[in-house]
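Q: Provided below for reference: sequence and predicted model.
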Amino acid sequence: MKLLIVDDDFLVCQSLQLLLQQEEDFEVLGITENGEKAIQFCEQQAPDMILMDIQMPVKNGIDSTSEIKRRWPEILVMMLTTFKDEKNIRLALNAGAEGYVLKSSAIEKIAEQIRALKAGASVLDADVLKTIMEPSKERLNQLTERENDMVELIAQGLSNQEIAQQLFLSVGTVRNVLSIILDKLEVRDRTQLAIYYWKRNQP
């Protein structure tokens, strides 16, 4: 897996590069110190995933993530940051980041989460997940029983085809209902929908 590390702290970049290079399935293509240079890097090379800091000079991680996902949607972005406040988490997810992990995490955990993200899982650090506010009960109560069933299956990681089979619906109907659910809950995608489900079902 080809990685790009973006952080204005050179020691952080260097340490991550050294540690991640020891993993047999990782190749660190390069390191850059801001989002603008990350975009320039992507114009020349094609990383599979970017580990992106948030606060950087010239162009911050959230703005650069938004542009990278617009231009190269196939590139995965993992926010790797010290910030776990709700505002930054939501801004990062809305910008298109597929994962959000804290720098304080052990390198073994970061490596595992990189692999999980590459495999198609949503990756949110446990502390980050706890930070996200619980959605209002009023909005959640807008869902029908069938819509709630679909949210549960999405949170379990099922595809539209698998959901269609379980609920005896067409794939087209699943897509339409999913669009209605996203609109009702005012969330952007399946990742945020899964977060809603997890938060609602916490004791």
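A: Cool, got the structure. Numbers count the residues shown, from 1 in each chain.

Q: Look at Ala95 and say how many residues are nearby.
A: A total of 22 residues lie near Ala95 under the criterion other Cβ atoms under 10 Å. No exception for glycine: its C-beta is placed from N, CA and C like everyone else's.

Q: Is it correct that it is in contact with Ile54?
A: No. No contact is recorded between Ala95 and Ile54 when judged using Cβ atoms under 8 Å, the distance being 10.1 Å.

Q: How much space separates the residue lying farthest from the centre of the chain from Val174?
A: Within the chain, Phe168 marks the point farthest from the mean C-alpha position, 29.8 Å out by Cα atoms, centre = their mean. Counting by Cβ to Cβ, to the nearest Å, the separation of Phe168 from Val174 is 11 Å.

Q: hey, what's in contact with both of Ala95 and Ile54?
A: Taking Cβ atoms under 8 Å, 6 or more residues apart in numbering as the contact rule, the neighbours common to Ala95 and Ile54 are Ile62.

Q: Touching the top helix by length along the chain from outside, list them.
A: For the chain, the helix with the greatest residue count under DSSP state H is helix 171-185. Taking contacts as Cβ under 8 Å, 6+ apart, the residues outside helix 171-185 that touch it are 135, 139-140, 142-143, 146-147, 150-151, 154, 160-161, 163-164, 167, 169, 188-190, 193, 196.

Q: Now restrict the residues you listed to buried residues only.
A: Among the contacts of helix 171-185, those classed as buried by 16 or more other Cβ atoms under 10 Å are 135, 140, 143, 147, 150-151, 154, 160, 163-164, 167, 169, 190, 193, 196.

Q: Closest one to Leu76 out of these, please.
A: Taking Cβ to Cβ as the measure, Leu76 lies nearest Arg190 of the buried ones among the contacts of helix 171-185, at 14.8 Å.
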